[in-house]
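Chemist: Curious how this folds, go ahead:
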Amino acid sequence: MRRRLEVIVALTVALVTPHAMATPDEARVWLQRMTESLASRNYDGLFTHTAGNQSETMRIVHRVEDGRGVERLVSLDGSGREIVRTAGEVHFYMPDRGVVIVEPRSDDGSLLKALPAPGPRLDSLYTLSIRKGNKLLGREVRVVDIQPRDALRYGYRLWLDEETAMPLRSVVVDSAGQAVERIHFTRLETDGTIDRHELEPAVDASGFQWIRSGKRTEPRAAVAVTGWRPLKVPPGFRLVASRLQVMPGVPMPVQHLIFSDGFAAVSVFIEPSPPTGPAPPESTSMGSANAFSTRIQGHVVTAVGEVPAATVRDIATSVAPMEAEPPVAEVPTADVER
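Modeler: Numbering: from 1, shown residues only. Model (predicted):
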């Protein structure tokens, strides 16, 4: 009997050890595979995006052309909004507002929200683990858990298809372990043929207002462009880019600073404060996204990002105006077209 028990224990250990001994390196490899799959594969899928008490069904179509991804994201819940990403630009079609916003974009990252990409500072800010998960869409999956080392950022949980490493589900988790945002695919077809017309917007944008934002600048040029600089930001975050951006309904270009810890990003918008009118709301939230507004020396400063409320507050209050230095790089001004 004792010998039999020892054999059973040994077999049990042998069966569970591959999952129990999964290392952060293995999780990192799966994250890298996910990033590469999102960029290099053709795919067409439907997913549900849930943030707070709001839920939206969306279709995503991704096609690789000459080694670069072209992508279209469509809301299927009545607003008619679409996002189309090409090699150099992202077009935001908003028929309910009669506006198309065009932003430059040089990276090949997916439009899917809440999907982190691995970076060099990952280990100092997050811990990684990986385990076997239950099937999704009839596919075997691996679950990658990404836990922050502090309360300044959210955690992530990703269900990846074992064959392709494509994300089938993702959850953003707060410090209490509660899900604050979800993406769940209900259909996903990979590596098929995607016709070019599937990437064309269905929105008739004739007569819309077209708004084009200026190009992003490198961090060294941020102060010269905006005249603002960060004094002290939460640990792990740093200024990565800035630009002048035209916003619908705002008469002048808004100064836009972008902070990141390698996973999460926070945008800070700075505009002159109106001479009269109510003070800006201090904080708002929807799902994993939080915003905080304050007044600093005659300007309204608003920080927005998929990070905890305390983090956007700390970043918003960390910027300050200063005398602009000689420009380091030329930055095109934003244009408005009709």
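
Chemist: Which helix or which strand is home to Arg313?
Modeler: Assigned by DSSP states H and E, Arg313 falls within helix 309-316.

Chemist: So which residues make contact with that helix?
Modeler: Helix 309-316 is contacted from outside by 151-153, 230, 233-234, 237, 259, 266, 268, 283, 285, 290-294, 301-305, using CB atoms under 8 Å, 6 or more residues apart in numbering. (Each C-beta comes from the backbone N, C-alpha and C, glycine too.)

Chemist: contacting residues around Ser129?
Modeler: Going by CB under 8 Å, 6+ apart, Ser129 touches Ala22, Pro24, Ala27, Val144, Asp145, Gln147.

Chemist: so which of these comes closest to Thr190?
Modeler: Val144 (18.5 Å; CB to CB).

Chemist: Tell me which residues of stretch 64-76 come out buried.
Modeler: Val64, Gly69, Val70, Glu71, Arg72, Leu73, Val74, Ser75 (16 or more other CB atoms under 10 Å).

Chemist: of these, closest to Glu200?
Modeler: For the buried residues of stretch 64-76, the nearest to Glu200 is Arg72 (7.8 Å; CB to CB).

Chemist: what residues are up against the residue nearest to Arg139 when sequence neighbours are not counted?
Modeler: Spatial nearest neighbour of Arg139, chain neighbours left out: Asp161 (4.9 Å); criterion: CB to CB, 6 or more residues apart in numbering. Residues counted as contacts of Asp161 (CB under 8 Å, 6+ apart) are Leu136, Arg139, Glu140, Val141, Pro167, Leu168.

Chemist: and if you look at Glu82?
Modeler: Counted by CB under 8 Å, 6+ apart, Glu82 has contacts Arg72, Leu73, Val74, Ser75, His91, Phe92, Tyr93, Pro201, Ala202, Val203.

Chemist: ok, now Val141?
Modeler: Lys132, Gly133, Asn134, Lys135, Trp159, Leu160, Asp161, Glu162, Leu168.

Chemist: Just the element for the fifth one, please.
Modeler: Pointing back at Trp159 there. Following DSSP H and E, one finds Trp159 within strand 155-161.

Chemist: Over to the fourth one?
Modeler: Taking DSSP H and E as the definition, Lys135 sits inside strand 126-136.

Chemist: buried sites along that strand?
Modeler: Within strand 126-136, judged by 16+ other CB under 10 Å, the buried ones are Tyr126, Leu128, Ile130, Gly133, Leu136.

Chemist: Equivalent analysis for stretch 151-171, please.
Modeler: Buried-residue list, stretch 151-171, by 16+ other CB under 10 Å: 152-161, 164-171.

Chemist: Contacts only, for the residue nearest to Gln297 when sequence neighbours are not counted.
Modeler: Using CB to CB, 6+ apart and skipping residues adjacent in sequence, the residue nearest Gln297 is Pro321, 5.6 Å away. By CB under 8 Å, 6+ apart, the contact list for Pro321 reads Gly227, Trp228, Ile296, Gln297, His299.

Chemist: Roughly how far does Pro321 sit from Gln255?
Modeler: Separation of Pro321 from Gln255 (CB to CB, to the nearest Å) stands at 10 Å.

Chemist: which neighbours do these two share?
Modeler: Gly227, Trp228.

Chemist: before we move on, back to that, which element follows the strand holding Trp159 toward the C-terminus?
Modeler: strand 167-173.

Chemist: Determine the angle, from 0 to 180 degrees, between the helix or strand just after that next one and strand 155-161.
Modeler: Downstream of strand 167-173, the first helix or strand assigned by DSSP H and E is strand 179-190. Counting by axes from the mean of the first three to the mean of the last three CA atoms, to 10 degrees, strand 179-190 lies at 20 degrees to strand 155-161.

Chemist: Strand 179-190 - what's its average pLDDT?
Modeler: Averaging pLDDT along strand 179-190 gives 95.

Chemist: Flag every buried residue along whatever helix or strand comes next after that strand.
Modeler: Next helix or strand after strand 179-190 toward the C-terminus (DSSP H and E): strand 209-212. Residues of strand 209-212 classed as buried by neighbour count (16+ other CB under 10 Å): Gln209, Ile211, Arg212.

Chemist: Extract the C-alpha trace of strand 209-212 and format it as CSV.
Modeler: C-alpha atoms of strand 209-212 as CSV (Å, rounded to 0.1, in the frame of the first residue of the first chain):
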residue,chain,number,x,y,z
GLN,A,209,-15.0,67.7,-40.5
TRP,A,210,-11.5,66.3,-40.8
ILE,A,211,-9.1,66.9,-38.0
ARG,A,212,-5.4,66.1,-38.4
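
Chemist: Quickly note the distance from the closest residue to Arg149 other than its chain neighbours to Pro235.
Modeler: Among residues not flanking Arg149 along the chain, Leu125 sits closest, at 5.9 Å (CB to CB, 6+ apart). Taking CB to CB as the measure, Leu125 falls 8 Å from Pro235.
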